[in-house]
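Got a predicted model here, sequence first, then my questions.
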Amino acid sequence: MNKTTVASGTQSVTTKLAAEVAETPFDAIPGSALEAIKRLVIDHVGITYMGAVFTGEALIAYAKELGGRPEAVLIGAGIKVPAELAAGINAQLCRNTDFEETGPGTHVGPLIAHTALAVGQRVGASGRDVLAAAALGYALIARFHFARGADWPRTSVVHHRTAAAAIASRLLGHDAAMTARALSLAWEFPPRTHMASFEFKFKRVSPLAMLSALGAPLFGARGGVQAAVMTGLGFESVPDEIDLHISGYDLAVLCEPPTPFHHVSGEMELKPWVCSRPCSCAMQGIANLIREHAIDAPDVTAIRLRLSGIYLRHWLNDPAPDTYWEAIYSTQWAAAMVLQGIPAGPKWVTEERLADPFSRRLAAMVEITEDPDSTRAYFELRWQDIRGSVEIEAGGETHRASYTMGETLGSPRTNMPEAMVEEKFMEATSLSLSPEKGHGLLEALRRIEEVSDINDVAALF
């Protein structure tokens with residue numbers, strides 16, 4: 001493919017994107033985008049503690065076994081490891097909660113936040129530099145996501161790794177030419193298999209996250225940082241590698257967005273509940289019905305959810321989860337927790353909670369049917385139009401509610417109130433940090449743009 005036919009003029013797509021990453025000044029990033037990224041960092045540092053408690057033992061042992069230069073803090077372990085390793089493991093621990101951001105690019109928040117924090121610690125970057133790099137990485141992956149269209153699940157793993165390379169290159173101080181080589185190398189690394197292509201006749205939930213091409217930042221973050229560091233040390237990749245593989249992309253969406261940082265400030269999706277994000281509209285319906293009608297969970301005799309067809313997949317449609325991994329994906333389990341008014345976070349997934357007969361009875365009661373319009377909206381990438389409907393029978397009465405994603409807390413149109421963000425952070429860190437330390441870390445993250453060295457904040461991890 002002739003690269004001059006891919007991008008306007010004589011500049012290749014790879015070169016154009018690299019120049020944006022390397023040369024966009026901090027002042028050109030809108031304040032709304034920087035605030036959204038800061039909220040993402042706060043949210044994801046918090047839930048990483050939860051992931052470390054429930055899923056961190058082997059990954060932390062792996063990091064200790066490998067060793068290496070002490071560059072960045074491994075959250076939940078209190079030790080420093082190489083930035084590449086910290087980026088990957090912290091991102092994976094964050095993703096292992098299913099409590100993370102799921103906006104354009106899908107489940108990219110852990111990789112964005114932790115790549116920026118880890119590489120930032122390696123180089124002693126300022127808080128402003130960390131936020132700028134993260135904003136550029138998020139914007140890049142969102143553009144890849146929408147430019148690719150409906151085939152996004154099969155290509156997202158490449159987009160994730162390339163965004164990590166962009167973030168790392170920016171923080172390592174690479175110029176546009178070196179950044180282009182890093183993006184090319186990240187694009188060239190082999191992708192993982194897309195597990196959603198397979199049908200399973202039994203319970204199978206991956207510790208690397210279901211839809212693993214979307215959800216294994218352990219490899220995406222490490223691969224991106226590897227590409228940037230290798231490039232900085234003189235490793236030569238195939239020039240303009242991205243241009244060789246984007247014949248199916250909408251290049252106007254990828255290269256010429258009318259508002260470059262709209263995806264960051266206008267489409268980020270945080271989660272108020274531990275569950276797959278597009279079913280959050282149903283969780284909001286449950287929460288609102290309970291509050292508005294004073295429904296007591298023991299009085300509930302039936303609960304029906306009408307959702308996108310993806311919630312008929314076995315790991316999302318599991319009325320009897322037995323393990324942590326099954327519980328974080330089970331839509332029925334999330335509904336049972338919301339019905340009981342249990343704060344989202346660690347309390348949802350302890351061994352005691354999973355063994356609780358009443359919680360299990362509630363989960364088994366939840367029935368899921370497909371809403372075809374929501375299924376279409378999901379696969380057409382019209383996420384704000386996805387709808388979740390709820391019907392609860394209790395005390396001889398039937399109560400109904402229906403919300404779109406755009407109307408649901410955590411969406412860009414309906415931001416989580418600051419008090420909810422704080423409650424989520426404190427719940428997620430409650431098993432690792434005292435309330436005093438939790439509040440201290442939260443306040444430091446809220447002032448992240450004021451620090452001259454991100455290591456001053458990381459010292460509180």
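That came through, no problem. Predicted, not measured: the structure shown is a model, and the values here were computed from it. Numbering: from 1, shown residues only.

least trustworthy helix or strand in this structure by mean pLDDT?
Counting by mean pLDDT, DSSP states H and E, the chain has its least confident helix or strand at helix 212-215, which shows a mean of 51.

From the contact counts, what lies against the following helix or strand past that one?
Sequence order places helix 217-232 as the next helix or strand after helix 212-215, per DSSP states H and E. Applying 3 or more C-beta pairs under 8 Å, 6 or more residues apart in numbering; DSSP states H and E, we find helix 217-232 packed against helix 83-95, helix 109-123, helix 152-172, helix 176-188. From N, CA and C alone the C-beta is placed, and that goes for glycine too.

Can you convert those helices into CSV and add a column each for distance to residue 378 and mean neighbour count?
Below are those laid out as CSV (distance: least, C-beta to C-beta, whole Å; neighbours: other C-beta atoms under 10 Å):
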stretch, distance to residue 378, mean neighbour count
helix 83-95, 20, 31
helix 109-123, 19, 30
helix 152-172, 11, 28
helix 176-188, 27, 24
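
Could I get those in TSV, plus columns for mean pLDDT?
Below are the helices and strands packed on helix 217-232 laid out as TSV (pLDDT from 0 to 100):
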stretch	mean pLDDT
helix 83-95	97
helix 109-123	97
helix 152-172	87
helix 176-188	95
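
Of the ones you listed, give the one that comes closest to residue 297.
helix 83-95 (29.9 Å; C-beta to C-beta).

That closest one to helix 152-172, inter-axis angle?
Calculated by axes from the mean of the first three to the mean of the last three C-alpha atoms, to 10 degrees, helix 83-95 forms an angle of 140 degrees with helix 152-172.

counting contacts, what elements does helix 83-95 pack onto?
Contact partners of helix 83-95 among helices and strands, from 3+ C-beta pairs under 8 Å, 6+ apart: helix 31-55, helix 57-66, strand 72-74, helix 109-123, helix 217-232.

Out of those, which is closest to residue 262?
Closest to residue 262 of the helices and strands packed on helix 83-95 is helix 31-55 (C-beta to C-beta; 8.4 Å).

Measure how the closest one sits relative to helix 57-66, angle-wise.
For the pair helix 31-55 and helix 57-66, the angle between their directions (the same axes, to 10 degrees) equals 100 degrees.

And helix 31-55, what does it pack against?
Under the contact criterion of 3+ C-beta pairs under 8 Å, 6+ apart, the helices and strands touching helix 31-55 comprise helix 83-95, helix 109-123, helix 127-148, helix 262-266, helix 418-429, helix 435-446.

Throw the ones you listed into JSON lines and include distance to residue 296, thanks.
Conversion of these to JSON lines gives the following (distance: least, C-beta to C-beta, whole Å):
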{"stretch": "helix 83-95", "distance to residue 296": "35"}
{"stretch": "helix 109-123", "distance to residue 296": "35"}
{"stretch": "helix 127-148", "distance to residue 296": "42"}
{"stretch": "helix 262-266", "distance to residue 296": "39"}
{"stretch": "helix 418-429", "distance to residue 296": "23"}
{"stretch": "helix 435-446", "distance to residue 296": "30"}
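
Of all these, which one is nearest residue 250?
With C-beta to C-beta, the closest approach to residue 250 among the helices and strands packed on helix 31-55 belongs to helix 127-148: 4.7 Å.

what angle separates that closest one from helix 31-55?
Angle between the axes of helix 127-148 and helix 31-55 is 90 degrees (criterion: the same axes, to 10 degrees).

how about helix 127-148: buried residues?
Of the residues in helix 127-148, those with enough neighbours to count as buried (16 or more other C-beta atoms under 10 Å) are 127-148.

before we move on, what about stretch 414-423?
By neighbour count, with 16+ other C-beta under 10 Å as the criterion, the buried positions of stretch 414-423 are 414, 416, 421, 422, 423.

can you check stretch 315-332 too?
Here stretch 315-332 shows 315-319, 321, 324-332 as buried, counting by 16+ other C-beta under 10 Å.

got it, and stretch 32-50?
Within stretch 32-50, the residues that count as buried by 16+ other C-beta under 10 Å are 33-34, 36-50.

Rounded mean pLDDT for that stretch, please.
Mean pLDDT, computed over stretch 32-50, is 97.

Looking at the helices and strands packed on helix 31-55, which is nearest to residue 230?
Once the helices and strands packed on helix 31-55 are compared by C-beta to C-beta, helix 83-95 is nearest, at 10.2 Å.
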